[in-house]
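In: 3D, please:
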Amino acid sequence: MRDFLKEFRDFAVKGNLVEVAVGLVLALAFVALVNAFIADFVTPIIAAIAGKQDFSRLSFTVNESRFTYGHFINAAISFVLVAFVLFLIVKAYNAAKRKGEEEEAAPTEVELLAEIRDGIRSMSR
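Out: Next comes the predicted model:
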């Protein structure tokens, strides 16, 4: 049992589990923020254009079956906004990662000075 608990602790502490958990919590908070923005700002604008006061109650009827589509439109708008912001974040992350890799690949001043020194030595021989 002690080995099991140690193994679980190592699993929970090692790797990126804590980072993933923090990212998940932030993502959930971000989705709540986007949903509030959609409900409080975007929906009233669309509702005003559509001529309805309560956008979430937009619907149509076919053969006495009522189809409500306001909530679906809210969810679709939220999805598109969240996906777009995540795309921008990933794009910025990849650009920063590429820049970091390029900086790592560039020779340091010490390496450049050593190359110059070695070049001068070979010319003087």
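In: relative to residue 25, how far out is the residue most central in space within the chain?
Out: The structure's the chain has its C-alpha centroid closest to residue 86; by Cα atoms, centre = their mean the separation is 3.5 Å. Separation of residue 86 from residue 25 (Cβ to Cβ, to the nearest Å) stands at 15 Å. (C-beta placed from N, C-alpha, C; glycine too.)
In: so what's the backbone phi/psi at the residue nearest to the centre of the chain?
Out: Main-chain torsions, residue 86, degrees, to the nearest 10: phi -60, psi -40.
In: gap between it and residue 48?
Out: 29 Å.
In: could you export stretch 21-39 as CSV, CA atoms only?
Out: This file holds the C-alpha atoms of stretch 21-39, laid out as CSV (Å, rounded to 0.1, in the frame of the first residue of the first chain):
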residue,chain,number,x,y,z
ALA,A,21,-4.9,21.2,-13.9
VAL,A,22,-4.2,24.9,-13.7
GLY,A,23,-4.7,25.2,-17.4
LEU,A,24,-8.1,23.4,-17.1
VAL,A,25,-9.3,25.6,-14.3
LEU,A,26,-8.3,28.7,-16.3
ALA,A,27,-9.9,27.3,-19.4
LEU,A,28,-13.2,26.7,-17.6
ALA,A,29,-13.1,30.3,-16.2
PHE,A,30,-12.4,31.6,-19.7
VAL,A,31,-15.4,29.7,-21.1
ALA,A,32,-17.6,31.1,-18.3
LEU,A,33,-16.4,34.6,-19.2
VAL,A,34,-17.1,34.1,-22.9
ASN,A,35,-20.5,32.7,-22.2
ALA,A,36,-21.3,35.7,-20.0
PHE,A,37,-20.1,38.0,-22.8
ILE,A,38,-22.3,36.2,-25.4
ALA,A,39,-25.3,36.3,-23.1
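In: give the buried residues for it.
Out: Under the neighbour-count criterion of 16 or more other Cβ atoms under 10 Å, stretch 21-39 has 34-35, 38 buried.
In: rebuild those as a markdown table, extending it with secondary structure and distance to residue 110.
Out: Formatted as a markdown table, the buried residues of stretch 21-39 follow (DSSP: H, G, I helix; E, B strand; the rest coil; distance: Cβ to Cβ, whole Å):
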| residue | secondary structure | distance to residue 110 |
| --- | --- | --- |
| 34 | helix | 48 |
| 35 | helix | 53 |
| 38 | helix | 54 |
